[in-house]
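[1] Could you look at this predicted model? Sequence included:
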Amino acid sequence: MEQILVATLNCIGLMVGLMFLGLGIGIGLLGAKVAEAVGRNPETKSDIIHSVMLILIVLAIFLLLLFAFVFLLLFYNPLAM
């Protein structure tokens, strides 16, 4: 029983850590490409910003779904019963 809880907490920490690492790298690359695109063609700035905001909203939704999954594993772990 305790081993299952320890393994669950270990996996949750790994998931959250990799999620933040991937999110940070992804948003950094996205910001670099946005700056490059606006630098090349400044008159399309508003279109690019709208596209980036849509992408960031989708990433935030995935982030919330991952947190929901983590809380599901924390409080309603089917393996620990």
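    Received the coordinates, thanks.
[2] per-residue confidence averaged over stretch 50-69?
    Stretch 50-69 comes out with an average pLDDT of 91.
[3] and it, how far from the chain's centre?
    When C-alpha coordinates are averaged (Cα atoms, centre = their mean, to the nearest Å), stretch 50-69 and its chain have centres 7 Å apart.
[4] Can you list the buried residues in that stretch?
    Going by neighbour count (16 or more other Cβ atoms under 10 Å), the buried part of stretch 50-69 is residue 52. (Glycine included, C-beta is placed from N, CA and C.)
[5] Run through who's touching it.
    Residues external to stretch 50-69 that are found in contact with it (Cβ atoms under 8 Å, 6 or more residues apart in numbering): 15-16, 19, 23, 26-27, 30, 34.
[6] Apply 10 Å and report the result again.
    Contacts to stretch 50-69, defined as Cβ atoms under 10 Å, 6 or more residues apart in numbering, come from residues 12, 15-16, 19-20, 22-23, 26-27, 30-31, 33-34, 37, 44.
[7] now for the longest helix along the chain, which elements pack on it?
    Longest among the helix segments of the chain by residue count, using DSSP state H, is helix 2-40. Using 3 or more Cβ pairs under 10 Å, 6 or more residues apart in numbering; DSSP states H and E as the contact test, the elements touching helix 2-40 are helix 45-75.
[8] Next, the angle from the helix it packs on to helix 2-40.
    Put simply, helix 45-75 runs at 180 degrees to helix 2-40, going by axes from the mean of the first three to the mean of the last three Cα atoms, to 10 degrees.
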